[in-house]
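Novice: Predicted coordinates and the sequence they were generated for:
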Amino acid sequence: MSTLLDPGFELTLRPMRYPQFYDMYRDAIANTWSVEEIDLASDITDLRNRLSPGESHLIKRLVAFFATGDTIVANNLVINLYKHINAPEARMYLSRQLFEEAQHIQFYLTLLDTYVPDEAERAEAFSAIEHIPSLKAKAAFCFKWIDSIQHIDQIKTDADRRDFLMVLISFAAAVEGLFFFAAFAYVYFLRSRGFCNGLAAGTNWVFRDESCVLPDTQVLTPYGWVNFPDLSEGEIIAQFDLTTSDISFVKPIRLLSKPYNGKIYRFFNRKGGIDQAITQDHDMVQKWDYQLTWSKVKASDMKLNGKKQIPVGGQTTVSGRDLLPFEQFLIALQADGSLPGWRHNGSRCGTVPVTFSGLIKVRKKDRLEQILADLRWKYVKSGIERSTYRVSVPVDFPITKDFSAWVDPSNRSLAWCKSFVDEVSRWDGHIHMDGTGTVEYSTTIEANADVVQTVALLSGKNASKNKIVDDRKETFSDCFKVIIVDRTSVSCNTLQQEITDYEGMVYCATVPTGAIVIRRNDKISITGNCHMNFAFSVVETIRAEHPHLFDEALEKRVRLMLDEAVSAEALFTEDVLGKGISGFPISDMKQFLEFTADQRLAQLGYSPSYGVKNPLDFMILQDVSELTNFFERRVTAYSTGVTGTVRFDEAF
């Protein structure tokens, strides 16, 4: 089986091995921009009249950094990446990127002409890496890694692959992930002071382009549904396979949280099944009736055509045992049983009494007796129509009415999930007689409704939850109803769309399949995940194809490389802030560099080296990937019609 780093020059696009790279290429060509659209007028007033000497020095150093950085990255694109990444769909993306580099060079000429009117100063900015020590150190770091694999004509050995990985990681995690992200910090500091709003607005486009969901959206974990803001680092979540419609649980490649100011697209239907509120660039998952697999489309481009479907379910990939008799008993107990009092602890006889009262229906009696026969537990029947059962349960069996105490949806087999739904339907379910197979499950315990909804999802059905408020008496409890439908998609012609303005935090995650299972307003559906930049996507692809490369030796090299990058950027910090800027101490910025390096390590799956917190209040973007990729250039941030912004949000 061929891999991404095989020597040679693969030319065949079908079958496509890495569709994620092709999707990135399509995103890149979807929008255009021109340098003439950029308006720097508001910044010029600040530069001439409002900035202190220290802030003016900061701007000049940033301009000098931006002036040469793009050429360095362009060299790496051609010399190392295009040469060794052996997939035509990936090279299509890189080819498009080279075009972007030419546009960036034109932009920096315009930027320097505007920001630095003196011709001698402009020449000095372009040659900064030769005579400004702090910039020279950063350039030396870049050239060190670019040159490190110049002797390799073809990647043939594991040593070659590790060397290539180091070049890739150094540019993704250090050059883009540290050098340029640190530059963003300076830009956001100026914004916090009310300066250079054009520059800040341009930088903010990269964050606007990330695809995300609102904070009231939940994601499925082994412990139930969790709101995105409450999701812990390293916690596994449910992903959806666009080809097979399978649902599996994985650790996210990354988590994303960021502020957002823009349009929110809400897709929903009145009768349940779906409710998504997402940013305009977020990917909806859809397919035409004639298609076999799911595809993605941006929310802003989504057309509610009756010949298209939206996924609202799938099925688990776990294999294993079926539902056990004791688990069947716990389902029956939840529906019609009573737990023993505290005095009945079984200390004398080794059993505790569990009572089922009012079992009038013959089917329930027969079912309970069958379960007890399978368990070989003793019981006594009494009362009118012998409808009361007193069951002797051994003390070593945990008795609970809470499904969440014993159901972990991440490790239950498909057979188990189907049997669970069937058993629940027997006890607390109402089966519609219209031939649709729809089941209504009712309970006063919301946690149980959540579990039933989740297991129904994993069994290959769709389930929505509704709360029925019972205010007849204070002693009456509200009821939670789960509607289980034998379908895994809904037609787009049943959906409605709302577009609203939103300012606040948004969240998302990146998973290997590119789609996640979410719930909003108690309705489950499938949505796309946030994009992963090209460089880290290549890293993860290599990790999947050559996992043995990611050993302790590679980790040690990565940590040393990032330590070196932090040191180089710290020199730049001392230079940039050296003339003194009120409210921005050098020590805070150095700590921010260490914090950022730890975030890059986390994105690569490594533990932190520095263990420090973000000291910069104005840098509320603390996630590892709230930055564009220096290979990728999200061109949606450059869309035609966007004016009055300065493009410093791009990687170089």
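Specialist: Alright, I've got the coordinates.
Novice: make it CA atoms for all contacts and neighbour counts henceforth
Specialist: Fine.
Novice: Then Arg61 would be within a strand, right?
Specialist: No: in this structure, Arg61 is helix, not part of a strand, as judged by DSSP: H, G, I helix; E, B strand; the rest coil.
Novice: Could you measure from it over to Asp43?
Specialist: 16 Å (CA to CA, to the nearest Å).
Novice: Can you pull out the low-pLDDT segments for the stretch 101-250 of the chain?
Specialist: 101, 104, 108, 198-211 (pLDDT under 70).
Novice: Quick check: Asn493 touching Ile310?
Specialist: No: taking contacts as CA atoms under 8 Å, Asn493 lies outside contact range of Ile310: 10.2 Å.
Novice: Which one's more surrounded, those two?
Specialist: More crowded of Asn493 and Ile310, by other CA atoms under 10 Å: Ile310, with 24 against 14.
Novice: elements contacting the strand or helix carrying that one?
Specialist: Following DSSP states H and E, one finds Ile310 within strand 308-311. When contacts are defined as 3 or more CA pairs under 8 Å, 6 or more residues apart in numbering; DSSP states H and E, strand 308-311 sits against strand 283-288, strand 489-491, strand 523-528.
Novice: Okay, now the sheet partners of it, with direction.
Specialist: strand 283-288 (antiparallel), strand 489-491 (antiparallel) (DSSP bridges).
Novice: Mean neighbour count added to those strands, as JSON lines?
Specialist: Shown next, in JSON lines, are the strands paired with strand 308-311 (neighbours: other CA atoms under 10 Å):
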{"stretch": "strand 283-288", "mean neighbour count": "23"}
{"stretch": "strand 489-491", "mean neighbour count": "20"}
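Novice: Identify whichever of those lies nearest to Val576.
Specialist: strand 283-288 (39.1 Å; CA to CA).
Novice: got the CA coordinates for that closest one in PDB?
Specialist: Output of strand 283-288 as PDB, limited to C-alpha atoms (Å, rounded to 0.1, in the frame of the first residue of the first chain):
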ATOM      1  CA  ASP A 283     -19.300  22.500   7.000                       C
ATOM      2  CA  MET A 284     -22.700  21.000   6.900                       C
ATOM      3  CA  VAL A 285     -22.800  17.300   6.100                       C
ATOM      4  CA  GLN A 286     -25.200  16.300   3.300                       C
ATOM      5  CA  LYS A 287     -25.700  14.000   0.300                       C
ATOM      6  CA  TRP A 288     -27.900  13.900  -2.700                       C
END
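Novice: Helix, strand, or coil at the spatially most central residue of the chain?
Specialist: Note on the chain: the residue nearest the mean C-alpha position is Ala509, at 0.9 Å, using CA atoms, centre = their mean. For Ala509, the assignment made with three-state DSSP gives strand.
Novice: which residues touch the closest residue to it other than its chain neighbours?
Specialist: Excluding the flanking residues, the one nearest Ala509 by CA to CA, 6 or more residues apart in numbering is Leu255, at 4.4 Å. By CA atoms under 8 Å, 6 or more residues apart in numbering, the contact list for Leu255 reads 233, 507-510, 623.
Novice: And for Ala509?
Specialist: 252-256, 529-530.
Novice: residues near the closest residue to Phe326 other than its chain neighbours, how many?
Specialist: In space, and not counting its chain neighbours, Phe326 is closest to Leu375: 6.9 Å by CA to CA, 6+ apart. Neighbourhood size, Leu375 [other CA under 10 Å]: 14.
Novice: now the strand holding Ile310: mean pLDDT?
Specialist: The average pLDDT within strand 308-311 is 93.
Novice: now what about the helix or strand just after it, what contacts it?
Specialist: Heading C-terminal from strand 308-311, the first helix or strand you meet, by DSSP H and E, is strand 315-316. Defining contact as CA under 8 Å, 6+ apart, one finds that strand 315-316 is touched by 245-248, 412-414, 457-461.
Novice: Select from the residues you listed the one having the most neighbours.
Specialist: Greatest neighbour count in those, by other CA under 10 Å, goes to Leu457: 31 neighbours.
Novice: Mind pulling up the pLDDT for that one?
Specialist: The model's pLDDT for Leu457 equals 95.
Novice: you'd agree it is up against Pro311?
Specialist: No: the criterion here is CA under 8 Å, and Leu457 misses it with Pro311 at 11.3 Å.
Novice: picking that back up, could you look up the SS state of the residue nearest to Ala509?
Specialist: Under three-state DSSP, Leu255 comes out as strand.
Novice: what do you get for the one 3 residues further on?
Specialist: Classification of Lys258 into helix, strand or coil gives strand, according to three-state DSSP.
Novice: beta partners for it?
Specialist: Residues in beta-bridge contact with Lys258 (DSSP bridges): Val506.
Novice: just wondering, since we're on it, how far is it from Ile132?
Specialist: 34 Å.
Novice: Next: Pro19.
Specialist: Distance of Pro19 to Ile132, given as CA to CA: 43 Å.
Novice: From what I see, Arg375 and Pro325 are in contact.
Specialist: Just to correct that, residue 375 is Leu rather than Arg. Yes: applying CA under 8 Å, one finds Leu375 in contact with Pro325, separated by 6.4 Å.
Novice: which stretch of helix or strand covers Ala125?
Specialist: Element membership for Ala125 (DSSP H and E) is helix 119-126.
Novice: where exactly do the strands run in the stretch 501-650 of the chain?
Specialist: In the stretch 501-650 of the chain, the strands defined using DSSP state E, counting those that start in this stretch lie at 515-520, 523-528.
Novice: Report the buried residues of the first one.
Specialist: Read that as strand 515-520. 515-520 (16 or more other CA atoms under 10 Å).
Novice: just stretch 9-26 next, same as before
Specialist: For stretch 9-26, by 16+ other CA under 10 Å, it's 17-18, 20-22, 24-25.
Novice: Any idea how many residues pack against Pro608?
Specialist: 17.
Novice: Need phi/psi at it.
Specialist: phi -70, psi 150 (degrees, to the nearest 10).
Novice: hang on, isn't it packed against Asp563?
Specialist: No: if you go by CA under 8 Å, Pro608 and Asp563 don't touch, sitting 11.7 Å apart.
Novice: Test my guess that Asn86 contacts Phe9.
Specialist: Yes: at 5.7 Å, Asn86 counts as touching Phe9 under the criterion of CA under 8 Å.
Novice: among the contacts of Leu255, which one has the lowest pLDDT?
Specialist: Out of the contacts of Leu255, that is Asp623, at 37.
Novice: For the residue lying closest to Gln239 once chain neighbours are set aside, give me its contacts.
Specialist: Nearest residue to Gln239, sequence neighbours excluded (CA to CA, 6+ apart): Ile516, at 4.3 Å. If you count contacts by CA under 8 Å, 6+ apart, Ile516 has them with 219, 238-240, 526-529.
Novice: same check, this time on Phe267
Specialist: Counted by CA under 8 Å, 6+ apart, Phe267 has contacts 274-277, 495-498.
Novice: what's the helix or strand for it?
Specialist: Assigned by DSSP H and E, Phe267 falls in strand 254-268.
Novice: Tell me how far that strand lies from the chain's centre.
Specialist: Counting by CA atoms, centre = their mean, to the nearest Å, strand 254-268 is centred 12 Å from the centre of its parent chain.
Novice: tell me the angle the next helix-or-strand element following that strand makes with strand 254-268.
Specialist: Downstream of strand 254-268, the next assigned helix or strand under DSSP H and E is strand 275-279. Angle of strand 275-279 versus strand 254-268, following axes from the mean of the first three to the mean of the last three CA atoms, to 10 degrees, is 120 degrees.
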